[in-house]
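Trainee: just the structure for this:
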Amino acid sequence: MQRLVAGDAPSVSFDTFAATEGERLRRALVARYGVDVGNDVCADALAYAWEHWERVGPMDNPVGYLYRSPSRHHDGIDAGDCDPHSRPNQSASMRRTTRPGRLKPTQRTCVVLVHIYDWTYDDVAATLGVTSASVRNHLHRGLTRLRTLMEDPHAR
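Mentor: Have a look, this model is predicted:
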């Protein structure tokens, strides 16, 4: 599936956007909030985009905007595990340690998107609205924490 880039959005319809970028948005939100809340937030974000497409469509990074907009309202929700059906490369111990509450939300999101979904640092940075260096820092801290959790599962 071809990814939309800055400058493409004004010429595409909402249906094209939802078909090409909706799954990326869903994965990012599920990585942050867990399956149930992430899917609900994604549905709300896409509904908002549809209602306001004349404003959202021309943005340079509509996925990043939609990702960041609901984030202000849902931080701190313990949403359970990530979607097990869309993570073929993840072990059971990784699933346990990447549950919400084990890592800071941004660390968890970076770890899941980079190491489970194989996103590039630049893709994660664009979605989260941070620099690639920030993604690298969150990833390093998250992986350091995961190593500690895997060595001592009772560590909090």
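
Trainee: just give the nearest non-adjacent residue to residue 14, would you?
Mentor: The shortest distance from residue 14 to any non-neighbouring residue, by Cβ to Cβ, 6 or more residues apart in numbering, is to residue 53 (4.6 Å). In this view, the C-beta of every residue, glycine as well, is placed from N, C-alpha and C.

Trainee: cool, and residue 61?
Mentor: Closest to residue 61 by Cβ to Cβ, 6+ apart is residue 126, at 5.6 Å.

Trainee: for the one you found, give me its contacts.
Mentor: Residues near residue 126 by Cβ atoms under 8 Å, 6 or more residues apart in numbering: 61, 63-64.

Trainee: residue 66 too?
Mentor: By Cβ under 8 Å, 6+ apart, residue 66 lies in contact with 25, 45-46, 48-49, 56.

Trainee: and if you look at residue 68?
Mentor: 128-129.

Trainee: that one is in what secondary structure piece?
Mentor: Using DSSP states H and E, residue 68 sits in helix 62-74.

Trainee: check residue 16 too.
Mentor: Using DSSP H and E, residue 16 falls in helix 14-33.
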